[in-house]
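1. Build me a model from this:
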Amino acid sequence: MSRSGSTFGKVVAWFVAVLLIVCVVFVGVYFGLQSQGKTFYVEYGGQRYLGNADGGSLWLAPSDKHEFSVKSLTGGEVDYSVRVTSNREKNFRFTVGTEMYRLYNDNAELDDYSDMFGLEVSSTGFSLTIPQDMDVENVLEQRYGGSITPMDYDITEYTDYFAITVTVDNSTVVLPFNSDPMQVSLDCSQFIVGDIPMSEVPYYSIFALYYADSIDYSVYAELPVNAYVGERVEFTIDYDPAECEITRVVLLDEQDEIISDLQSQDGVYSFFMPAELVSIWVYSVSK
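-> This next block holds a predicted model:
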């Protein structure tokens with residue numbers, strides 16, 4: 001045999017040996033993960049969460065649709081179930097009128113909030129759609145039909161009161177999450193909510209228009225020029241109550257379609273910034 005043939009044979013033998021080692025390592029890792037119940041993973045935003053492993057806390061932006069995929073360790077489809085439930089780790093008591101309730105009850109029916117987060121399921125994954133004004137208080141008020149009063153402690157922002165649970169056989173992925181709108185108080189390049197740096201969150205302009213039946217008095221809304229998507233925007237209206245009356249304040253989208261009528265709370269109006277330019281229309285009449 002020539003020297004070149006001998007060299008080629010050595011290269012082939014080396015390649016086969018490396019391939020066998022890789023296969024053995026892969027099989028060992030695969031069955032090692034299986035023995036721990038880690039037979040599948042949930043993927044969201046480029047991050048994978050293994051079954052029966054510690055999941056991460058998520059921040060899910062309000063008014064957005066969030067897509068999750070569910071796959072086996074080999075990348076194939078799996079037979080899974082998914083629910084959005086109250087988080088047993090953040091349980092608290094509250095009252096509605098004279099009745100007392102708990103956020104988490106260890107009851108599959110009472111603790112299931114999947115419908116309120118727009119859960120949609122397919123063979124390869126699922127999605128959640130977070131309503132614009134969703135927070136734990138109005139979720140509970142919708143569920144129990146009245147204003148709630150916490151008993152144990154105050155409800156806090158950016159707390160994971162709900163969790164996504166994905167189950168395959170005896171293996172689960174639990175992903176606690178919150179969707180509280182961002183409050184911008186730090187340098188935007190440094191501020192992070194969940195895994196999202198504030199510098200990557202889009203923001204849009206806010207405009208104000210005024211409709212009055214007289215030009216003898218002035219009405220002016222103290223609005224910011226723009227806001228980040230999901231940010232809570234609060235503003236006041238400067239006018240003389242002796243001269244005029246504010247009859248309506250409306251939030252509109254880019255197509256001048258009404259998003260919502262805004263109501264004053266102790267003289268302060270508020271809304272959560274959607275992912276588009278908006279305008280505030282202020283209607284007033286003279287006295």
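2. secondary structure class for the closest residue in space to Pro176 that isn't next to it in sequence?
-> Of all residues beyond its chain neighbours, the one nearest Pro176 is Asp160 (3.4 Å), with distances taken as CB to CB, 6 or more residues apart in numbering. (Each C-beta comes from the backbone N, C-alpha and C, glycine too.) Secondary structure assignment for Asp160 (DSSP: H, G, I helix; E, B strand; the rest coil): coil.
3. List the residues that contact the spatially most central residue of the chain.
-> In the chain, the residue lying closest to the centroid (CA atoms, centre = their mean) is Leu60, at 1.7 Å. Counting by CB atoms under 8 Å, 6 or more residues apart in numbering, Leu60 touches His66, Leu128, Ile130, Phe177, Asn178, Ser179, Gly194.
4. Can you mark which positions in stretch 106-121 are buried?
-> Asp111, Tyr113, Ser114, Met116, Phe117, Leu119 (16 or more other CB atoms under 10 Å).
5. gap between the two ends of it?
-> 24 Å (CA to CA, to the nearest Å).
6. Likewise for stretch 114-126?
-> End-to-end for stretch 114-126, by CA to CA: 11 Å.
7. rewinding a little: roughly how far does the residue nearest to Pro176 sit from Thr95?
-> 23 Å (CB to CB, to the nearest Å).
8. if you skip the residues just before and after it, what's nearest to the residue nearest to the centre of the chain?
-> Nearest one to Leu60, counting by CB to CB, 6+ apart, is Ser179 at 4.7 Å.
9. who's in contact with Thr124?
-> Contacts of Thr124 (CB under 8 Å, 6+ apart): Ser69, Val70, Lys71, Glu77.
10. The last one: what's its closest spatial neighbour, skipping adjacent residues?
-> Leaving aside its sequence neighbours, Glu77 sits nearest to Ser123 (CB to CB, 6+ apart; 5.6 Å).
11. Report pLDDT for the one you found.
-> Listed pLDDT for Ser123 reads 93.
12. ok, Phe207 - how many residues close by?
-> By other CB atoms under 10 Å, the residues close to Phe207 number 14.
13. a helix runs through it, doesn't it?
-> No. According to three-state DSSP, Phe207 belongs to no helix; its state is strand.
14. What separation do you get for it and Gly118?
-> From Phe207 to Gly118 the distance is 30 Å (CB to CB).
15. which stretches of the stretch 1-150 of the chain have low pLDDT?
-> Applying pLDDT under 70 to the stretch 1-150 of the chain picks out residues 1-38, 54-55.
16. all strands for it, in order.
-> 40-44, 47-50, 58-59, 65-72, 81-86, 93-96, 99-102, 120-121, 125-129, 149-150 (DSSP state E, counting those that start in this stretch).
17. Could you look over those strands and pick the most buried one?
-> By mean neighbour count, with neighbours taken as mean count of other CB atoms under 10 Å, strand 40-44 ranks first of those at a mean of 22.
18. Tell me which strands that one pairs with, and in which orientation.
-> Its sheet considered, strand 40-44 pairs with strand 47-50 (antiparallel), strand 65-72 (antiparallel) by DSSP bridges.
19. gap between the first one and the chain center?
-> Same thing as strand 47-50. 17 Å (CA atoms, centre = their mean, to the nearest Å).
20. Test my guess that Thr172 contacts Leu50.
-> No. With contact defined as CB atoms under 8 Å, Thr172 does not reach Leu50; the gap is 10.5 Å.
21. Touching both of those two, which residues are there?
-> Joint contacts of Thr172 and Leu50 (CB under 8 Å, 6+ apart) do not exist.
22. How many residues are close by the residue nearest to Glu77?
-> 9.
23. Going by residue numbers, what spans are helices in the stretch 1-150 of the chain?
-> 3-35, 136-144 (DSSP state H, counting those that start in this stretch).
24. Tell me the buried residues in the shortest one?
-> Within helix 136-144, the residues scored as buried using 16+ other CB under 10 Å are Val136, Val139, Leu140.
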